[in-house]
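Structure here, sequence nowhere to be found:
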Ligand SMILES: *Cc1c(COP(=O)(O)O)cnc(C)c1O
């Protein structure tokens, strides 16, 4: 695909996001984070050139390397992967725009210590394991609100802005929908929360219809 063809292709993805968000309301704005974890800096640049600004990575070292290499571009970098405690400092070195995968109280407490030492604030989302899957990280829905508030109280250098969740791993649309509704219901109970990050290449329209206002699109944005 050349640049012009790629732009037409992306316009179609944006049209689908538009269509889904208008099902909710004219005022429902959805942000696209392009997940670049399987893509090169060259491919990120191509997408930047047709207007994309927010990118997401799931490995600390990849976020570091790509953000450094593309340092001259005005990009936002989101960290969407599981963060190991021994990588916290490496992540903070990259000063990400948003850490979307805060998935345990212990991790929050460790991050808080490092942030305090650096006199730094980190914007973050609480990850919710909405379908209670073994294979997934995140807080169980029943305790998510309580944990959100506890982190707000105990970790003043973490600025919680909302929630993130991955849709249920299922062929059944109703089961996926239910997982998004679970996350959205929690989101609406959180005071001051502004971001509900749900939806990937295979399920973003459903996620938006369930109230997502941030989609994390990997394969579809890079045409993979
Ligand atoms: C990889 C990934 C995505 C993007 O997945 P696609 O199916 O390629 O759109 C979104 N969110 C998270 C947390 C991911 O790890």
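Yep, that arrived. In this text the structure is predicted, and so the values were computed from the model without any measurement.

pretty sure residue 148 belongs to a strand, no?
No - counting by DSSP: H, G, I helix; E, B strand; the rest coil, residue 148 falls outside a strand, being helix.

from now on call the first residue 294
In the new numbering, first residue 294, that becomes residue 441.

which residues does it contact?
419, 453, 456, 483, 486 (C-beta atoms under 8 Å, 6 or more residues apart in numbering). Bear in mind the C-beta positions are built from the backbone N, C-alpha and C, glycine included.

So which of those residues sit within helices?
Residues of those located in helices (DSSP state H): none.

Sort out which one of these lies nearest the ligand for me.
Nearest to the ligand among the contacts of residue 441: residue 456, at 12.7 Å, using C-beta to the nearest ligand atom.

hey, what's the closest one bridged with?
Under the criterion DSSP bridges, residue 456 forms beta bridges with residue 419, residue 489.

Wait, it touches residue 487, no?
No - contact criterion C-beta atoms under 8 Å: residue 456 and residue 487 do not qualify, at 10.5 Å.

would CSV of the contacts of residue 441 with neighbour count be doable?
Below are the contacts of residue 441 laid out as CSV (neighbours: other C-beta atoms under 10 Å):
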residue, neighbour count
419, 29
453, 21
456, 28
483, 19
486, 17
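
what about the residue of the chain found nearest the ligand, distance to residue 452?
For the chain, the residue closest to the ligand is residue 511, as judged by C-beta to the nearest ligand atom, at 2.6 Å. As judged by C-beta to C-beta, to the nearest Å, residue 511 and residue 452 stand 26 Å apart.
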